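1. mind looking at a prediction? Sequence and model below.
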Amino acid sequence: MRISGITYAPRKTHKVRNTTVLIILLILILAIAVVVISGIVGWSLVHPKHKSLETFSANIGPEYREVEFKDIKNAVKLKGWFFEKKGSTKTVILAHGYKQNRLQFSEKTLDMIKAFLGKEYNVLTFDFRNCGQSEGDTTTVGKLEKDDLLGAITYAKDNGSKHVVLMGFSMGASTSIMAAAESLQKDEIIDAVIADSPFSDLGEYLNGSLQNWSPLPRIFNGITLLSIKLLTGVDPYNVSPKKSMENLGSIPVMLIHSKDDSAIPFSNSEELYSVYNSSQGTKGEFWQVSGVDHVGAYEKHPQEYMDRVFKFLDKVYEQE
């Protein structure tokens, strides 16, 4: 009688093959999930919900006029307010932060504006694209906002302002530095920059601190940054105030940053300050605040804040 042997090798091979396919499918599903989730987060970051413009009583705020102008590339209509100090040719342009509007500190912004008017400055405050009442449907956290700010500078100069100061907060602070550097390449040179809580390089900042704006773990950062580039055409690593700092010429800069900033680390302004001093051969102003969070110095210490700002500006205009 012939007895045939039984082998189990094929079954084992078949089982291993199935396990391998299952693992590959799981990895593929996980990869797709990471890409999709990162894309959704990236989309939400460049399409933030508009913050409504607050209304205030006419007897609280100084007189102003509604203004409209285009960004420097004539692509987007921007809206804002111009507070005029009769006879003055000096204008401060306020540049707000991410997810904000022309009233960076809500109603308290009016106190800041009154202080500037009291020192013989006009004030132009406006909404960046995709913010407040301005046109646009995408926020690029500085790249295209720079064009908006250059448009604001042109508007101010075309309406009698011979001297322009840029004062920005968070995203607006970084944008102010970049716009100031670019103004040197045009005929719209500005007199000074006051930057409150800027980031030094958007790509580096988001790669290290994206969790401040997103619920995703750090493993998603790279793909989220790539999704932002694909959605906007803007590479976050090309939004770099520290590179602009090297090209500011003799434009005076005042930095303000809290050591306790939980949104944009204090080290960002330290880096900007170092680059500015080493490249320009002169010292900028750097007010290092403690005990407040992101862009919190003005609301916590309004009098000291404005005193320091005016001391800085007095030095700027003493040189003329």
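-> In hand now; what should we look at?

2. so residue 263 sits against residue 257, correct?
-> No. Using Cβ atoms under 8 Å, residue 263 makes no contact with residue 257, being 10.9 Å away. C-beta coordinates here come from the backbone N, C-alpha and C atoms, glycine included.

3. the more surrounded of these two?
-> residue 257 (27 against 18; other Cβ atoms under 10 Å).

4. so who does that one touch?
-> 196, 197, 198, 264, 266, 268, 269, 270, 286, 287, 288, 289 (Cβ atoms under 8 Å, 6 or more residues apart in numbering).

5. ditto for residue 211
-> Residue 211 touches 217, 218, counting by Cβ under 8 Å, 6+ apart.

6. please redo it, this time with the cut-off set to 6 Å
-> By Cβ atoms under 6 Å, 6 or more residues apart in numbering, the contact list for residue 211 is empty.

7. thinking again about what came up before, out of the contacts of residue 257, which sit inside helices?
-> 268, 269, 270 (DSSP state H).

8. dump the residues you listed to CSV, plus neighbour count and distance to residue 95.
-> Output for the ones in helices among the contacts of residue 257, formatted as CSV (neighbours: other Cβ atoms under 10 Å; distance: Cβ to Cβ, whole Å):
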residue, neighbour count, distance to residue 95
268, 24, 17
269, 27, 16
270, 16, 21
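
9. need those in JSON lines (columns: distance to residue 141).
-> Putting the ones in helices among the contacts of residue 257 into JSON lines (distance: Cβ to Cβ, whole Å) gives the following:
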{"residue": "268", "distance to residue 141": "13"}
{"residue": "269", "distance to residue 141": "17"}
{"residue": "270", "distance to residue 141": "20"}
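
10. what residues does stretch 167-180 touch?
-> 92, 94-98, 104, 141-142, 145-146, 149-150, 166, 190, 193-199, 241, 244, 251, 295.

11. picking up where we left off before, tell me which of the contacts of residue 257 is nearest to residue 37?
-> residue 264 (24.3 Å; Cβ to Cβ).

12. now do residue 160: how many residues are near it, please.
-> 11.
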